[in-house]
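[1] Quick one, structure for this:
(one chain, ligands or ions: 1)
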Amino acid sequence: MIDQEHDINRTWSAESKIDLYRQMMRICRFEQAALKHYNAGKMAGFLVLNIGQQSVATGVRSLMGPDDHSISGWRGMGHALAAGMEMGPCMAELFGKTNGCSKGKSGAFSFYAPAKHHWGCHATAAAQTPLAAGLAFALKQREIKGVVFCFLGEGSVNQGVYHESLNLAGLFGLPVIYIIENNGYAMGTSVSRSSVFKDCLARRAETYGIDWDLIGDADPYEMRARIQPAIDRAREHQRPTVLEISTYRYFGSNVADANHKRYRTPEEIEEKKSRDPMMLWGLRLINEGLLDEAGLEEISRQAKAEALAAVAFAENGAPPVVSDICSDVYWETDHATESSKIGRHFFND
Ligand SMILES: Cc1ncc(C[n+]2csc(CCOP(=O)(O)OP(=O)(O)O)c2C)c(N)n1
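    Numbers count the residues shown, from 1 in each chain. Here you go, the predicted model:
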């Protein structure tokens, strides 16, 4: 079947197709603004950009339903924005301001939005994978037909905790989909120098009795048609899946990665940019008669204006005060529950 004629794409509305482009552009403009202000010394710590990979976060999000959840690794700003987090509180978080989404205490690694079913970006490689299994376990226990989407980089698949998570997901039958975003490099190490399974990391799932697939990031129709069976498997049969999506980041591992044009060539980066998924999707929308050049330009302009407003929101925020340093860190210290009083939070029954 041609991917475009897959049921999931035949029922995909024109507005949602345009929205996919809008979301990719929003991530791009947000991150460009963040980069500018990082370079101006407005932020501390890491800045980990998603630009180049936006079709993955947004393509997956376009398939998610109201009972579904997402969680991501350190390259997670795109997933958080795709989940519906507002740019202002996200930018303020990067600026370390109290109007940030986590009150400016942690930067991009605290882009959490539980109300939007997004369970944060996790800086420790693969730390999100057992959490995703736990979320999926909770859905199953509560008999909710939701799916947990867990994003991780290809460098994280060699962490032991990922394999423990796959084992439990396979054993317990958990509705979780692990999405390996294979951008070719973990920091400065190429996948061929870090993994024995060079051509297909997802295939390791077979060892755990878990289905898998290998997908490209350039054609949202194909991506959606290939992800949907994993969603059906999770929703209807409580079975996990591992999907590997080939993608590419244009910037370094983080913005302080000054050597990123040494471990890969500038020509390689330019070649990938010439097939940029967001650009290709824009052309596709024009070919399908859903937008014209001016329409694409307007979406870009709006995203840029939103990012600029987010910077102003961040600039106007107040810095944290020392007396708040311990608040909002542990839920228990801010909520005087019975278990908090006796100092025991687990195994109380
Ligand atoms: C347990 C652990 N070891 C080392 C690091 C340092 N570290 C930060 S990012 C990174 C590479 C991550 O690569 P990948 O999972 O492929 O994600 P990508 O950066 O490509 O999105 C490493 C090793 C870490 N965060 N956690």
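[2] quick one, strands of the protein?
    Secondary structure of the chain (DSSP state E): strands at 69-72, 118-121, 148-153, 176-182, 185-186, 189-190, 211-216, 241-246.
[3] Give me the contact list for stretch 254-261.
    The contact list for stretch 254-261, computed with CB atoms under 8 Å, 6 or more residues apart in numbering, reads 35, 38-39, 46-49, 187-188, 251-253, 269. Where C-beta positions appear, they are placed from N, C-alpha and C, glycine not excepted.
[4] Now render these as JSON lines, adding pLDDT.
    Below are the contacts of stretch 254-261 laid out as JSON lines (pLDDT from 0 to 100):
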{"residue": "Leu35", "pLDDT": "97"}
{"residue": "Tyr38", "pLDDT": "96"}
{"residue": "Asn39", "pLDDT": "95"}
{"residue": "Phe46", "pLDDT": "90"}
{"residue": "Leu47", "pLDDT": "95"}
{"residue": "Val48", "pLDDT": "97"}
{"residue": "Leu49", "pLDDT": "97"}
{"residue": "Met187", "pLDDT": "95"}
{"residue": "Gly188", "pLDDT": "94"}
{"residue": "Phe251", "pLDDT": "96"}
{"residue": "Gly252", "pLDDT": "95"}
{"residue": "Ser253", "pLDDT": "96"}
{"residue": "Ile269", "pLDDT": "96"}
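[5] Now the buried members of those.
    Buried subset of these (neighbour count, 16 or more other CB atoms under 10 Å): Leu35, Tyr38, Phe46, Leu47, Val48, Leu49, Phe251, Gly252, Ser253, Ile269.
[6] Leaving out sequence neighbours, find the closest residue to Asn50.
    Closest residue to Asn50 apart from its sequence neighbours, by CB to CB, 6 or more residues apart in numbering: Gly78 at 3.3 Å.
[7] Test my guess that the one you found contacts Val48.
    No. Taking CB atoms under 8 Å as the definition, Gly78 is not a contact partner of Val48, at 9.8 Å.
[8] ok, what's across the strand from the residue in the chain positioned nearest to the ligand?
    The chain approaches the ligand most closely through Gly153 (2.1 Å), counting by CB to the nearest ligand atom. With DSSP bridges as the criterion, Gly153 is bridged to Glu181.
[9] so how far is Ile180 from it?
    To Ile180, Gly153 is 7 Å away according to CB to CB, to the nearest Å.
[10] Name the residues contacting each of those two.
    In contact with both Gly153 and Ile180: no residue, using CB under 8 Å, 6+ apart.
[11] Quick one, grab the pLDDT at Lys198.
    Note on Lys198: pLDDT of 67.
[12] what does Gln4 give?
    pLDDT, Gln4: 85.
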